[in-house]
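Below are the sequence and a predicted model; questions follow.
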Amino acid sequence: MSARYVVAIDQGTTSTRCIVFDHFGRFVSVAQREHRQWFPEPGWVEHDALEIWANVVRVVPAALAKAGIGPDDVAALGIANQRETAVLWDRHTGRPVARAVTWQDTRVAPLLAELAQRDPPRTFRERCGLPLSTYATAPRLTWLLRSSPALRQRAASADVLFGTMETWLTWQLTGGPQGGVHVTDVTNASRTMLMDLRTLDWDDELCAAFEVPRAMLPQIRPTATTHGRASTVLPGVVIGALMGDQQAALFGQACYSPGEAKCTYGTGAFLLLNTGDQPVASSHGLATTVAHQVGDEPAAYALEGSIAMTGSLVQWFRDGLSLVRTAPEIETLARTVNDNGGCYIVPAFSGLFAPHWRPDARGVITGLTSYVTRGHLARAVLEATAWQTVDVVEAMNADSGLRLNTLRVDGGMTSNLLLMQMISDRLDVPVERPMVHETVSLGVAYAAGLTVGLWPDLGVLRRSWHRGARWTPDMTAQTREQQRSGWRTALAQTIGPGFTPTAARPPGP
Amino acid sequence: MTLRSVERAAVLLRLVAAQGGPIGVSDVAAALGVAKSSAHELLRTLQEVGFLDQDGGTGRYRLGEGARRLAQGPPDTNLLRSLATNCVDALAARSGESAYMGVLRGADVLVVHHVFRPDDSSQRVEVGERHPAHASAMGQVLLALDPAGQAVARTWVPVSLTRRTLIGAALSARLAAVRREQLACAVGERVPELAEIAVPLRGRGPSVVAAVALIGHSDRLTDARGRPRAALVAHVRTAASAISADLAGGL
Ligand SMILES: Nc1ncnc2c1ncn2[C@@H]1O[C@H](COP(=O)(O)OP(=O)(O)O)[C@@H](O)[C@H]1O
């Protein structure tokens, strides 16, 4: 085989990146372009889908040029994407009918109460795995289609198409108005609220509840399969995988077996636990999603817990309090003291997310005494990320009946070694980071390479994952429990009198 | 340099700092009461050591990065690691060996970053450990090239750790070679079976702020004649220029 490289497109919230990997799964080159964020009204966040497509057209050849290769050297292309962002476009002209409404956009909040009455929310949730929230795509479609009867009509006749970013880009890459393929994959579809997790197909009742005509929806396909062949940008190259970014990171971290989990620590954090070939319903506020589906094999499912504030709390410490000049310097400051001095910070700046789900919660700092210095505050900031991780992991253990035995981590905060040790100490399991940081791109590249036979199976991919560093627990059970109760007391105070945190303890001996 | 010119340099730096904006040669000459040619020489010297920057368009001078840094101390080691992290990962992945980054602290190298050898053998994070500088390749790079290291190398008396540790004249000769080649290779000088290949890292400006190294079994890192393998040297040098570029952008 002469084509020995895999190209990954990571269409993210702030930028679009193209990364070239060689046939050992090693990073070769990258090119990146940011796109504009549009804020037309408070709470609205939009992207221009044409600008993003234009960026793809530029970054792919740029990354190939840096690698010194041409389209003939590329065995497959994979696309990973920001999830839940909705694009509607005219199938005849190839132009979006409006700017894309992104996952951060909260305009549908007033609609949710009304939509919740259509169906007891548990039924929504049991079928699609997601709680009704502003994140999911379906309410956005309700909003968009209600905004114009003409648009609804054109959607019903499939003159206007819907897609998340991977769908839009695949349609453009495979010819656009001239025969573009209109497909999505199970991981992205599982974030819309319109797919039945068991049948892996659009659910008529969910579509009806959200007033979405099926004609406008893409076909749902496995993650790793031949989605089509590019007719432009990389002419002739197979599009071998489509994948939501967090699921791609799980795949890139080689979490292929039940009980394996990864957490990505950036602005916020996303923890995904592979639960095997059956969806696990959560009674602790977690989302159930599809982890991946390779070809005709059964789908693998995951539980997902998101933490709103991790890196962003460090940013607040830097910019809001001006206690450090750069984010990494928080580690230096935290190491000036040995413990948190009794101080805890719960960053419920805009409510508590998984597993508590209390939008009315507000952030607190507890345990302030004249003993507390900025070093103690720095520790409390980092510990907040560790404890929030513990709360999500315990909820996952309780829901799945599995017991996490190692946490794989990635994202910008993993260069903070004190934080990695704190997480390991408080979870009481080893924490590992991979040698390749670009887990999103690597994951979708792995999946695309599987499709074209560049790699024979998951076993080979598992063996090509390498550990860059590892931390093991080094804290007595007594200290852990003592600190946990400090955290819980602080948590309770985010709500006011009478609130007891709902986080589950692990199923246990 | 006479004491008088040291005094003039100090006055000149204060003058530039007090000025707020860039200052020209004639103003400096007038303020110091010296000839324009002497003022010019003084300005040029201070520019060469990084205490002044010259504006390309107007030819006027302002305080340089070196002067602003004086009071700040060395760069934060956690920031160094954060900035370098992608490139050090790539170094370990490509070379197949453990990659390290270190800074000088007194007569020791402090390990500020460590990426495992990609063979999934049992390894532990060695960040925070100290290696005696004279016996480590990173240390030799810093003793030879870091201004603080040169001061250390002149005053303190190193001890032997292994049969192959260099001390005295042999160490001085090694440091001179490191200065020439911008590379240190230490085989069995700190730990008998380990070889180390290190090169300097520079931030903005010419001064060395840290070193990056591969450390591993000498059978893998050196050839039959005990010389560092060329491919590994190339990997370390490539990584170093990428890291230096990232440090320049972020420090
Ligand atoms: N060494 C560090 N210690 C603590 N926080 C850090 C460190 N380095 C980066 N961060 C935080 O991580 C976030 C950036 O990580 P990144 O993975 O780039 O995020 P995203 O992809 O969400 O933009 C920022 O919020 C920053 O404050």
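Nice, thanks for sending it over.

Tell me, what's the model's pLDDT at whichever residue of the stretch 101-250 of chain B sits closest to chain A?
The nearest approach of the stretch 101-250 of chain B to chain A comes at B:Pro118, 3.9 Å away (Cβ to the nearest Cβ). Just so you know, the C-beta spots here come from the backbone N, C-alpha and C atoms, and that holds for glycine as well. We note a pLDDT of 91 for B:Pro118 in this prediction.

got it, and the one 3 residues further on?
With respect to pLDDT, B:Ser121 scores 87.

related to what we said a few turns ago, the residue of the stretch 101-250 of chain B closest to chain A: which element?
B:Pro118 belongs to no helix or strand when assigned by DSSP states H and E.

What sits closest to it if chain neighbours are left out?
A:His466 (3.9 Å; Cβ to Cβ, 6 or more residues apart in numbering or on different chains).

For that neighbour, give me phi and psi.
The phi/psi pair for A:His466 (degrees, to the nearest 10) reads phi -130, psi 150.

Show the contacting residues for it.
A:434-436, B:93, B:116, B:118-120 (Cβ atoms under 8 Å, 6 or more residues apart in numbering or on different chains).

Same question for B:His40.
Applying Cβ under 8 Å, 6+ apart, the residues near B:His40 are B:Val25.

returning to what we had before: what about the residue of the stretch 101-250 of chain B closest to chain A, neighbour count?
Neighbour count of B:Pro118, defined by other Cβ atoms under 10 Å in any protein chain shown: 24.

Let me see the contact set for it.
A:435, A:466-468, B:92-93, B:96.

Show me which of those residues is closest to B:Ile23.
Using Cβ to Cβ, B:Ala92 is the member of the contacts of B:Pro118 that sits closest to B:Ile23, with 47.6 Å.

name the element the closest one belongs to?
helix B:77-95.

Quick check: closest non-adjacent residue to residue 103.
Reading this off chain A. Per Cβ to Cβ, 6+ apart, closest to A:Trp103 is A:Glu84, 4.0 Å.

sorry, should have said chain B
B:Ala210 is the one closest to B:Val103 (Cβ to Cβ, 6+ apart), at 4.8 Å.

helix, strand or coil for that neighbour?
At B:Ala210 the chain is in strand, as set by DSSP: H, G, I helix; E, B strand; the rest coil.

With B:Leu214 instead?
Taking three-state DSSP as the rule, one finds B:Leu214 in the strand state.

Next up, the contacts around it.
By Cβ under 8 Å, 6+ apart, B:Leu214 lies in contact with B:91, B:95, B:97-100, B:196-197, B:221, B:232, B:235-236.

B:Gly203 too?
Contacts for B:Gly203 (Cβ under 8 Å, 6+ apart) come out as B:75, B:209, B:244, B:247-248, B:251.

same deal with A:Thr451?
A:76, A:224-226, A:238, A:240-241, A:295.

By neighbour count, which of these wins?
A:Ala241 (35 neighbours).

That one and A:His376, how far apart?
46 Å (Cβ to Cβ, to the nearest Å).

Mean pLDDT per helix and strand in chain B: which one sits at the bottom?
helix B:65-69 (a mean of 74; mean pLDDT, DSSP states H and E).

Can you give me the buried ones in that one?
Residues of helix B:65-69 classed as buried by neighbour count (16 or more other Cβ atoms under 10 Å in any protein chain shown): B:66-67, B:69.

A:Ala49 contacts A:Gly94, doesn't it?
No. Using Cβ atoms under 8 Å, A:Ala49 is not in contact with A:Gly94; the gap is 10.2 Å.

what bits of the stretch 51-200 of chain B have low per-residue confidence?
For the stretch 51-200 of chain B, applying pLDDT under 70 flags no range at all.

Quick check: the residue of it nearest the ligand.
Closest residue of the stretch 51-200 of chain B to the ligand, Cβ to the nearest ligand atom: B:Ser82 (4.7 Å).

And for the residue nearest to that residue when sequence neighbours are not counted, the neighbour number?
If the residues on either side of it in the chain are set aside, B:Ser82 comes closest to A:Pro328, at 3.9 Å by Cβ to Cβ, 6+ apart. As a burial measure, A:Pro328 scores 24 neighbours (other Cβ under 10 Å).

Could you measure from the residue of the stretch 101-250 of chain A found nearest chain B over to A:Asp72?
At 15.9 Å from chain B, A:Ala249 is the closest residue in the stretch 101-250 of chain A, using Cβ to the nearest Cβ. Taking Cβ to Cβ as the measure, A:Ala249 falls 30 Å from A:Asp72.
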